[in-house]
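J.: Predicted model and sequence follow; I will ask about them next.
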Amino acid sequence: MSFQDIEAGLTHPSRSLSSASSTQDAPFLSLQSSLSLQVFKMNANVQGILKLVDQLGTGKDSATLRKSLHGLTETTRAMAKRGSEDLKKLSALQASLPHQKTALQKTSHDLQLSLVAFQRAQQVSAERQRTVVQGVKLAVDDDQPLDSSFHEDSDPNTLRQAQILQSQLSPHELAYQESLIEEREAEIREIESGMHELAEIFRDLGTLVGEQGQMIDDIGNNIFSVANDTTDAAHELTTAHEYQRKAGRRAACLMLVLAVVVAIVLLAILS
């Protein structure tokens, strides 16, 4: 590139193409970064949910704890919905950016793992809430001792929870826990509703992943086709080379015969 070209504002074509490519990738990379951050926060929230769930039905159980658990669950549920929508947008952007296919697949995989972890955390939370509710009902029943012989039909976890409640809580605190049974049951229903919503998200992602899988199959078929074409071409080149090699041998033999004939003719003339 000459100095005059620089003064005229001309740039190198490869740099222009690189700049154009970066401009096209910018929205995809920005959304991918945002989605990756959401996945990171969701994973952190899931760990927080599990820690709070472990404290349900213990001496640390309180209105503040349940409020924190509810808020963290709702926040994570909203992030799951947003993440699903963002992944759809990311997939749409990637349709015009074939080189970002691997990045999309990784982000999709990370989001799915995070959603599975959140779904499992909700299940654990609902199960623990049920155990606490049933445990409270058994613990406040003063007519029968908390012995397995009197509660053969009770779940072992429920019976153990009732024993923990009776040993850790005063009668007044136990009565307070009993007053929260309806509230806890409402929370269980809300968790189950959230799990149904998350199941819908999984179905949407399943469709999206299925479409990605079809694209992967298409790419795989194209690669296989190119490989076959390359193999065929290499075989043809080998055949052509072998033909040329044989043709060269025939030409050498012909030249040798011709040289012998010429030598015989020269000897006959000279003699």
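T.: Sure thing, it's come through.
J.: Surely Glu187 and Arg130 touch.
T.: No - checked against CB atoms under 8 Å, the pair Glu187 and Arg130 is beyond contact range at 10.4 Å. C-betas here are computed from N, CA, C, even on glycine.
J.: And the next helix or strand past the helix or strand bottoming out on mean pLDDT in the chain?
T.: Every helix and strand of the chain was ranked by mean pLDDT, DSSP states H and E. The lowest is helix 3-7, at a mean of 48. Downstream of helix 3-7, the first helix or strand assigned by DSSP states H and E is helix 13-54.
J.: That following helix - contacts with which helices or strands?
T.: With contacts taken as 3 or more CB pairs under 8 Å, 6 or more residues apart in numbering; DSSP states H and E, helix 13-54 sits against helix 63-94, helix 101-139.
J.: Sketch out the low-pLDDT regions of the stretch 51-200 of the chain for me.
T.: Applying pLDDT under 70 to the stretch 51-200 of the chain flags residues 141-158, 160-170, 173-174, 176.
J.: The nearest residue to Pro27 once chain neighbours are set aside and Lys81, how far apart?
T.: Closest residue in space to Pro27, ignoring its immediate chain neighbours: Leu93 at 5.9 Å, by CB to CB, 6 or more residues apart in numbering. Distance of Leu93 to Lys81, given as CB to CB, to the nearest Å: 19 Å.
J.: can you check Leu29 too?
T.: Counting by CB to CB, the separation of Leu29 from Lys81 is 23 Å.
J.: Which pLDDT value belongs to Ser225?
T.: You'll see Ser225 listed with a pLDDT of 46.
J.: burial count for the residue lying closest to Met42 once chain neighbours are set aside?
T.: Among residues not flanking Met42 along the chain, Ser114 sits closest, at 4.6 Å (CB to CB, 6+ apart). Close neighbours of Ser114, defined as other CB atoms under 10 Å, add up to 22.
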